[in-house]
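**Q** Pasting the sequence and the predicted model now:
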Amino acid sequence: MAQEQNKQPLGEHLVALRKILLRSAAAIGIAFLVVFYVAIDALMGFITGPIVERGITVIYTEMSAALMTKLKVAFIAGVVIASPYVFWQIWSFVKPALYEHEKKAFRLTFAATVVLFLLGVMFCYAAVYFLAVDFFLVAGEELATPMLAIDKYVSFLFGFVLPFGLAFELPVALYITTKMGLTNYEMLAGKRKFVILAVVVIAAFLTPPDVVSQIMLSIPILILFEISLLICKVVKAKEKENAE
């Protein structure tokens, strides 16, 4: 089947790709409109709820700020809602060009990527994000009354949680680099102490300057690194077995 797909003219591939892009864009557009006209107020209430519960007034300082923020949140929510359909479209495009073992590897890698990203985002929001919020509020409580602009607050929220989602992709990244021959178990294990130092330093930059939040970020990343080492070891052993 893979060979049949590879023999297809380039023009047919481009036409198929164009259809996928148009369908994906349409799905995202429909999801965006549904969210914006049906659920945006509830969604904004969920986003600002924890701040309002802390007695903080949420404001906007520009005429278009509130509307643009709603559009931004609705678009992101639309992408998330439409993502299963978009992923299915992408899979339908690449599937015929893959052999059976490649299909299995692709499915597992893709599923791990999605799950780890969501785990990173949820972990940050549930365990780390509001520690940072409370720290900044306590740090400025004697200086001024907190009144947060909605656009800057939403940007701060997304800018804080998304890096956690990306950081949780470490096992997938090391799996891919190991398959490509760029990394291996011995190389990574030999540099463990440097990795630990780097994780601690990065955690210090990403979290408030208190030990608790730094540890809450460092520990899961280090656990993921150790899991990545095991994955690299298994990958190398399997490749050696196949070679023999």
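**A** That came through fine.
**Q** C-alpha only now, for contacts and for neighbours.
**A** Noted.
**Q** Look up how far residue 196 lies from residue 225.
**A** Distance, residue 225 to residue 196, by CA to CA, to the nearest Å: 9 Å.
**Q** cool, residue 218 as well?
**A** 8 Å.
**Q** which phi and psi does residue 57 have?
**A** phi -80, psi 130 (degrees, to the nearest 10).
**Q** what about the nearest residue to it once chain neighbours are set aside, neighbour count?
**A** Leaving aside its chain neighbours, residue 57 sits nearest to residue 147 (5.0 Å; criterion: CA to CA, 6 or more residues apart in numbering). Here the count is done by other CA atoms under 10 Å, and residue 147 has 12 residues near it.
**Q** so who does residue 147 touch?
**A** 56-59 (CA atoms under 8 Å, 6 or more residues apart in numbering).
**Q** so which of those comes closest to residue 130?
**A** Taking CA to CA as the measure, residue 130 lies nearest residue 56 of the contacts of residue 147, at 13.6 Å.
**Q** Could you report the separation of that closest one from residue 146?
**A** Taking CA to CA, one finds residue 56 at 6 Å from residue 146.
**Q** Hmm, residue 86 is touching residue 24, no?
**A** Yes - between residue 86 and residue 24 there is a contact at 5.2 Å, judged by CA atoms under 8 Å.
**Q** Overlap in contacts, those two.
**A** Joint contacts of residue 86 and residue 24 (CA under 8 Å, 6+ apart) do not exist.
**Q** Where does pLDDT dip in this structure?
**A** Within the chain, the segments meeting pLDDT under 70 span 1-10, 13, 206-213, 242-244.
**Q** more neighbours, residue 218 and residue 196?
**A** residue 218 (21 against 16).
**Q** Thought residue 199 was touching the more buried one, still the case?
**A** Yes - the pair residue 218 / residue 199 is scored as a contact, 6.0 Å apart, by CA under 8 Å.
**Q** how close does residue 92 sit to residue 98?
**A** Residue 92 sits at a distance of 11 Å from residue 98 (criterion: CA to CA).
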